[in-house]
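K.L.:
Sequence first, then the predicted structure, then my questions.
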Amino acid sequence: MAKKIYTYQALLGIVIAVSGCSQEELGREANSVSGRRIEFNASLPEVSSRATELKASSIKEIEVSSFTVGESSETPYFVNKTFGRNGNTGKFVCYDSECIWPNNNDLLRFAAFAPTLDEILRAGGEASSTGDKLTSFKVPNDIATQFDFVTAIGSGKLIDNEETGITLKFQHQLSRIELKAWGNSASYNLEIAGVRLGGIATGGTFNFTAQTGATDPTQAGAWESVTKGSVDYVFRNGDVLVTLDKTDGSPLSADRAVSILGSKVGEGDGYENSAMIIPSNNSAWSPKTEAENGENHADGMYFGVLVRVTDTTPYDTNGSIVYPYSGAEYAEEIIYLAIDKNDGKTVKTRLYKQGDNYFTDTDLTTEYDLSANDADVKAFGWATLPVADDLKPGRIYTYTLNFSNGVGLRDPHDLRPGDPIISDKVLVNVEVSDWIEGAKTDVSVPRK
């Protein structure tokens with residue numbers, strides 16, 4: 001398998017030029033609105049990288065607020081106005097009567113972001129804006145629907161910037177996570193059908209006026225008041241299970257590691273095999289051994305991998321099932337998937353079990369006919385890997401999971417969180433770094 005090389009660029013370098021009226025018009029009381037309309041030109045340098053998925057051609061709308069800068073205070077000039085791309089000129093324009101230059105030489109400060117509030121909500125995220133802050137910001141729980149988020153700030157005066165325009169450099173404000181896996185165990189085979197990023201920042205407030213200590217005067221704000229949660233992706237129709245079984249097609253070494261975020265992630269305008277989360281400094285998940293069953297054991301960052309483990313010394317043609325465990329005493333979350341009989345790997349749909357029957361909905365109203373759909377049912381359970389990292393905005397983090405010597409720990413939410421799967425002894429080695437071109441990040445899961 002050819003090695004993919006990624007590059008990362010923290011600044012998008014989107015240049016937005018604001019056109020204005022001529023100096024002769026300053027001070028006139030009766031200017032036409034169309035003559036003073038604020039317009040934006042957006043451009044992006046060509047980058048041969050997956051790190052900057054947002055392209056100039058893909059930006060259809062931007063959301064902008066502006067503020068009049070006084071000697072000791074600022075007042076809003078216009079707030080949360082959506083500027084759309086004009087199909088004829090390529091410029092971004094807002095036809096709201098407020099989106100025009102003031103008829104004087106006031107200094108204006110701009111705060112801009114993309115996608116817009118409406119686009120964030122349509123994608124399954126959450127956000128509200130006061131102009132200088134995006135509050136209640138939340139990334140979607142479903143990794144497949146997540147989006148990039150970029151911001152820019154700047155200021156200018158009409159009389160000073162009429163010729164040169166105003167240049168704003170947009171910056172990525174989320175962290176991008178990629179997960180890969182490989183394994184060469186002599187004792188068991190693994191099938192992977194999903195991932196979960198737990199104990200990471202999924203919500204917060206973005207403050208355009210906050211400084212992060214950078215010397216760059218265009219630094220476009222910082223995150224505040226982050227809240228922790230989880231995001232996941234369970235394989236769905238058309239995804240192919242990732243199989244670690246020592247065959248020729250299996251990823252047997254680190255240089256052959258494959259993505260475990262699902263082939264459907266990245267469909268359309270999404271991000272290929274990656275998750276987008278709010279940056280934060282995260283300690284590793286540590287099971288609360290003193291906690292009682294049923295309490296929240298999920299403090300700290302971890303990766304959950306949805307796995308099915310079979311013994312390589314099978315009692316039948318399919319191998320004996322080692323994990324997920326059976327029996328009510330374990331009480332772990334089991335996820336059922338209908339798998340195409342023809343290849344044994346392609347997911348048809350997720351199923352929900354009641355007795356001996358399977359349904360396609362949580363309300364158990366639509367029964368799934370396995371024989372008519374030429375499918376088998378496979379059960380999967382979560383295996384957990386504690387990870388600590390200080391995630392920064394505008395960075396790509398690529399984690400490679402080595403399943404050669406172990407599978408992971410029991411999920412934080414089951415009755416025995418942190419217990420090793422398969423073995424009593426657990427050794428977790430974690431080596432992580434900010435992703436840069438040519439770097440490797442290797443995470444060893446618990447040894448058997």
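P.N.:
That came in fine, so what should we check first? Numbering: from 1, shown residues only.
K.L.:
Flag the shaky bits of the protein, pLDDT-wise.
P.N.:
For the chain, the stretches with pLDDT under 70 are 1-59, 89-90, 161-168, 211-219, 266-272, 288-298, 313-319, 326-332, 423-448.
K.L.:
can you give me the helices in the chain?
P.N.:
117-122, 158-161 (DSSP state H).
K.L.:
Would you mind finding the most buried of these?
P.N.:
Most buried of the helices of the chain, by mean neighbour count (mean count of other Cβ atoms under 10 Å): helix 158-161, with a mean of 17. C-betas here are computed from N, CA, C, even on glycine.
K.L.:
rewinding a little: using CSV, lay out the helices of the chain together with distance to Asp369.
P.N.:
Shown next, in CSV, are the helices of the chain (distance: least, Cβ to Cβ, whole Å):
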stretch, distance to Asp369
helix 117-122, 35
helix 158-161, 67
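K.L.:
Please identify which of these is closest to Phe303.
P.N.:
helix 117-122 (25.7 Å; Cβ to Cβ).
K.L.:
Provide the contact partners of the closest one at residue level.
P.N.:
For helix 117-122, the external contacting residues (Cβ atoms under 8 Å, 6 or more residues apart in numbering) are 61, 63, 80, 82, 126-129, 137, 147, 149.
K.L.:
do the same with stretch 201-212
P.N.:
Contacts for stretch 201-212 (Cβ under 8 Å, 6+ apart): 111, 126, 132-139, 141, 151, 153, 173, 219-231, 277-280, 282, 391.
K.L.:
Restrict those residues to the buried ones and give me that as a PyMOL selection.
P.N.:
The PyMOL command for the buried members of the contacts of stretch 201-212 (criterion: 16 or more other Cβ atoms under 10 Å) is given here:
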select buried, resi 111+126+132+133+134+135+137+138+139+141+151+153+173+219+220+221+222+223+226+228+229+230+231+277+278+279+280+282+391
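K.L.:
what sits opposite Gly198 in the beta ladder?
P.N.:
Ser230, Tyr302 (DSSP bridges).
K.L.:
Quick check: it touching Met301?
P.N.:
Yes: applying Cβ atoms under 8 Å, one finds Gly198 in contact with Met301, separated by 7.0 Å.
K.L.:
Quickly list what's touching both of those two.
P.N.:
Common neighbours of Gly198 and Met301 (Cβ under 8 Å, 6+ apart) are Trp285.
K.L.:
Touching, Asn282 and Met301? I think so.
P.N.:
Yes: counting by Cβ under 8 Å, Asn282 does reach Met301; the two are 3.7 Å apart.
K.L.:
Show me whatever sits in contact with both of the two.
P.N.:
What both Asn282 and Met301 touch, as defined by Cβ under 8 Å, 6+ apart, is the set 199-200, 387-389.
K.L.:
Out of the residues you listed, which sit inside strands?
P.N.:
With strands taken from DSSP state E, the overlap with those comprises 199-200, 389.
K.L.:
Compare those and tell me which is most surrounded.
P.N.:
Ile200 (27 neighbours; other Cβ atoms under 10 Å).
K.L.:
what sits against it?
P.N.:
Contacts of Ile200 by Cβ under 8 Å, 6+ apart are 228-231, 277-278, 280, 282, 301, 391.
K.L.:
check contacts around Val231.
P.N.:
With Cβ under 8 Å, 6+ apart, Val231 has these contacts: 139-143, 146, 196-197, 200, 202, 275, 277.
K.L.:
For stretch 101-110, measure first residue to last.
P.N.:
12 Å (Cα to Cα, to the nearest Å).
K.L.:
What residues of that stretch count as buried?
P.N.:
101, 103, 108-110.
K.L.:
now stretch 333-350
P.N.:
Buried-residue list, stretch 333-350, by 16+ other Cβ under 10 Å: 335-339, 346-348, 350.
K.L.:
All good on my end, thank you.
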